[in-house]
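Participant: Any chance you could fold what I've pasted below:
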Amino acid sequence: MTENEIAKIVVDAAFQIHKGMGPGLLESVYEIVLAHVLKKRGLKVERQVPVAIVFEGIKFDEGFRADIIVEDKVIVELKSVEKVMPVHKKQLLTYLRLADKRLGLLINFGSALIRDGISRVVNGL
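Facilitator: The predicted structure is shown next:
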């Protein structure tokens, strides 16, 4: 399955969740529910995945934690804020580079309309 095929399923699941639960809950709630929905759809889903980083030749086992990684290919970063800031997209791009992944989805469940809260971030895709 390609990154784009995975992303389509994730976006569809986000629409379903936002429609059913509405905006404004904690990010952790959306994370749990999104992981559940994606697993029901047959995808491999990992939550709060520690991703190692290397700096000055030293490996740090827990450089950051990815909210969700789907099929070992797509990082999903979740927010529940009034407005996504440019730094959120930069952060996800850095995560993609450090984790050697090509596609990330930034999903803001705080948006009144979920379509306005979904951004694709690519790293060489």
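Participant: So residue 7 sits against residue 120, correct?
Facilitator: Yes. Using CB atoms under 8 Å, residue 7 is in contact with residue 120, at 6.8 Å. From N, CA and C alone the C-beta is placed, and that goes for glycine too.
Participant: Mind checking which of the two has more residues around it?
Facilitator: residue 7 (20 against 16; other CB atoms under 10 Å).
Participant: In terms of helices and strands, where is the more buried one?
Facilitator: Per DSSP states H and E, residue 7 falls inside helix 3-21.
Participant: residues of that helix that come out buried?
Facilitator: Going by neighbour count (16 or more other CB atoms under 10 Å), the buried part of helix 3-21 is 3, 6-7, 9-11, 13-14, 17-18.
Participant: Just give me the closest of the residues you listed to residue 30.
Facilitator: residue 17 (6.5 Å; CB to CB).
Participant: Look up the closest residue to the closest one, ignoring the ones flanking it.
Facilitator: Of all residues not flanking residue 17 in the chain, residue 33 sits nearest, at 5.4 Å (CB to CB, 6 or more residues apart in numbering).
Participant: Can you give me the pLDDT of that neighbour?
Facilitator: On pLDDT, residue 33 comes in at 98.
Participant: What segments of the chain are strands?
Facilitator: Assigned by DSSP state E, the chain shows strands spanning 45-55, 58-70, 74-79, 103-108, 118-122.
Participant: If you count contacts, what does the helix holding residue 7 end up packed against?
Facilitator: With contacts defined as 3 or more CB pairs under 8 Å, 6 or more residues apart in numbering; DSSP states H and E, the packing partners of helix 3-21 are helix 27-40, strand 74-79, strand 103-108, strand 118-122.
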